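Q: quick one, fold the following:
(chains A and B)
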There are 2 protein chains.
Amino acid sequence: MTSPSSRHAHIVGLGLIGGSLALALGERGWIVTGDDRDASTADSARSQGIVTGHEPVPETELVVIATPARSVVGAAREILGRLASEALVVTDVAGVKTGIVGAIADPRFVGGHPMAGSEQRGLAGARRDMFTGCTWVLTPTAVTPPEHYTRVHSVLRELGVNVIAMAPDDHDRLVALASHVPHLVAGALMNQASAVAEEEVVLLQLAAGGFRDMTRIAAGDPGIWPDVLFENRDAVVGALDALLARLGDLRETIERGDGDRLEDALRRAAVARRHLPGRAVRADQLAYLRVPVSDRPGELATITMAASELGVNIYDIEIAHGIEGVRGTLLLAVEADQVVLLADDLARRGFAVGREAS
Amino acid sequence: MTSPSSRHAHIVGLGLIGGSLALALGERGWIVTGDDRDASTADSARSQGIVTGHEPVPETELVVIATPARSVVGAAREILGRLASEALVVTDVAGVKTGIVGAIADPRFVGGHPMAGSEQRGLAGARRDMFTGCTWVLTPTAVTPPEHYTRVHSVLRELGVNVIAMAPDDHDRLVALASHVPHLVAGALMNQASAVAEEEVVLLQLAAGGFRDMTRIAAGDPGIWPDVLFENRDAVVGALDALLARLGDLRETIERGDGDRLEDALRRAAVARRHLPGRAVRADQLAYLRVPVSDRPGELATITMAASELGVNIYDIEIAHGIEGVRGTLLLAVEADQVVLLADDLARRGFAVGREAS
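A: Have a look, this model is predicted:
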């Protein structure tokens, strides 16, 4: 028996995202049921108390389909047919939206895509704070009643998420640019270097910070990609063609020796990259500090402890390696009105603190 | 007056690299002279005590040409004509080697290229420990006497550098792959996103960790690149063509819907990326830990302080964002025989520590 005020959610697919959602909702007082096509995963989630059972109760308000992209439509239809509650709203977490949203076409379904994740995999990698501060796209359509949309939106805000509403096809076109094509490029760069390194292993010693940065996402789980890339084929091929055209133009510019044109392209990129906002926070709310660091133990700790002691939250921390860098510069994003506080403190501690031009 | 045992070095070009070298050599007891085509930079270096004067003394043993690539040949010839000492050896730091080494063709010249740098610029960004732990390529040729090569090598080892000897054309071909083409790709990705974001600014909110990683080097100084790219034209165009062919193949694979081929390519890239050795340290000497972290203040500090307290040096620290990640996983490289010590300590502190598969 649960109290009449309890809210009930059901999660289909208890992997990294589904498991994290179950934990996050449970922490906020939801009663969460959930299932997984893998029986041992479902059992493990129940025995750990991540879900209270495997079947949705009739009064379930929220269902999240957290399966791989190819299984979303079937799972959503099954749930929508089974649960008749007027209060029900169903969402999903797949990385591609047009096909899924078009195929379900039920007013109780609102497509979603959390821009979150980790290199951990499966339920074992699930964390209750996986979504705190992340950007979560919702894709309402003309058939979506406002109350259904706002219900999902308010649950996500409860989880500390930055919600963005987009049309499904806009989402797919833009993630092709921001995520799908970059992943393909990282893979191609890594495979190219790897093929050469089979003969000339010394290449890997030349792979400094820049190369490592550019290939990092290639280390992610390869199994999830064919689904997403095929489902988003048109947008991916379009974005890839546009990138190939840009690279072809740079190639001609180099062959022709046109220094002005080459430097102009690189200068525009440098300006744009320096203006790239921090993730999940509006750019005008954050300020950036650059702090050169060495490899000595404790130097990073000193910097981050100084911030903690001042009550300054570091929203984002990156290590920048310069053009072919070996030593690092920490790039710290903090709230704009706290940046002077932290900069002064670090300068007093002897760090060569710089402000990021913006 | 200097003691008879003093060693004298001269640096031409007192920017980021030249200034850092002057500081590093000075710290190790060298008497360092140096000049810069910008008189105020030269004056500043002297008034700060980074150099003792602007003219090389006759007993100078080591000259480093640390000018932009296009000025190296002229500066090296000038110095080689002026200083007659048998003990003299001249080296440079330009990012491209074949043309320079071929044009100078003096047994006293050994080409070099430190794989170091930072996003700071000029003398103001110079640091005495810029090169500690970095990879430094030397490009001896058939005309290089062993004693000249070993003299440069031993000076670099004094600076804590990991020296690799390569033929000039091997160097240029491999840095095209590991550095020059990745820089062009980062620029093209950034400009493509930037062009779309002019109309659809929401794209930038979708630019999560992966995109940020892949475009980070595009923020570097654009002015130094045309020189290096034109000088290394053949290798850059060759590497770019090979990358374009790989991307074109991925494009066809996606259009054709060949899931096995696509997943195979991405899987090979994932395996290769996970095996990429740490910078400047042999891969078999380091072990990697993954530690998921949240945005809470102090969490990073706790981890790095724990390492400091145990005397475990973190050779490399990266923040990995997963496929479209917002939250982070710290990837820590530590000496292999200390990894269990640190992992156990972090686990006791409640972190979900994982070992990197290798």
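
Q: can you give me the buried ones in stretch A:195-208?
A: Along stretch A:195-208, these residues count as buried under the neighbour rule (16 or more other C-beta atoms under 10 Å in any protein chain shown): A:196, A:197, A:202, A:203, A:204, A:205, A:206, A:207, A:208. Every residue, glycine included, has its C-beta placed from N, CA and C.

Q: verify the contact between the third one and residue B:167 for me.
A: What that stands for is residue A:202. No. Contact between residue A:202 and residue B:167 fails when scored by C-beta atoms under 8 Å: they sit 10.7 Å apart.

Q: and the pLDDT at residue A:183?
A: pLDDT for residue A:183: 93.

Q: sorry, wrong one. I was asking about residue A:255.
A: Looking at residue A:255, its pLDDT stands at 96.

Q: I'd say it and residue B:238 touch.
A: No. If you go by C-beta under 8 Å, residue A:255 and residue B:238 don't touch, sitting 11.2 Å apart.

Q: so where's the stretch 251-358 of chain A shaky on pLDDT?
A: A:277-284, A:295-301, A:305, A:308-309, A:311, A:313-327, A:356-358 (pLDDT under 70).

Q: please, where are all the helices along it?
A: A:259-274, A:299-310, A:339-348 (DSSP state H, counting those that start in this stretch).

Q: so can I have JSON lines of these showing mean neighbour count?
A: Listed next are the helices of the stretch 251-358 of chain A as JSON lines, based on neighbours: other C-beta atoms under 10 Å in any protein chain shown:
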{"stretch": "helix A:259-274", "mean neighbour count": "18"}
{"stretch": "helix A:299-310", "mean neighbour count": "20"}
{"stretch": "helix A:339-348", "mean neighbour count": "16"}
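
Q: got these as JSON lines, with distance to residue B:20 columns?
A: Listed next are these as JSON lines, based on distance: least, C-beta to C-beta, whole Å:
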{"stretch": "helix A:259-274", "distance to residue B:20": "22"}
{"stretch": "helix A:299-310", "distance to residue B:20": "17"}
{"stretch": "helix A:339-348", "distance to residue B:20": "20"}
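
Q: got JSON lines for the ones you listed, with distance to chain B too?
A: Formatted as JSON lines, these follow (distance: least, C-beta to the nearest C-beta, whole Å):
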{"stretch": "helix A:259-274", "distance to chain B": "4"}
{"stretch": "helix A:299-310", "distance to chain B": "4"}
{"stretch": "helix A:339-348", "distance to chain B": "11"}
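
Q: nearest to residue A:30, out of those?
A: Distance to residue A:30, taken as C-beta to C-beta, is lowest for helix A:299-310 among these, at 31.3 Å.

Q: in the stretch 1-150 of chain A, which spans are strands?
A: A:8-12, A:31-35, A:62-65, A:89-92, A:109-114, A:135-139 (DSSP state E, counting those that start in this stretch).

Q: among these, which is nearest chain B?
A: strand A:135-139 (5.5 Å; C-beta to the nearest C-beta).

Q: just want the angle from the closest one to strand A:109-114.
A: Between the axes of strand A:135-139 and strand A:109-114, defined by axes from the mean of the first three to the mean of the last three C-alpha atoms, to 10 degrees, the angle is 160 degrees.

Q: now do the contacts for residue A:250.
A: Residue A:250 makes contact with A:262, A:265, B:184, B:187, B:188, B:240, according to C-beta atoms under 8 Å, 6 or more residues apart in numbering or on different chains.
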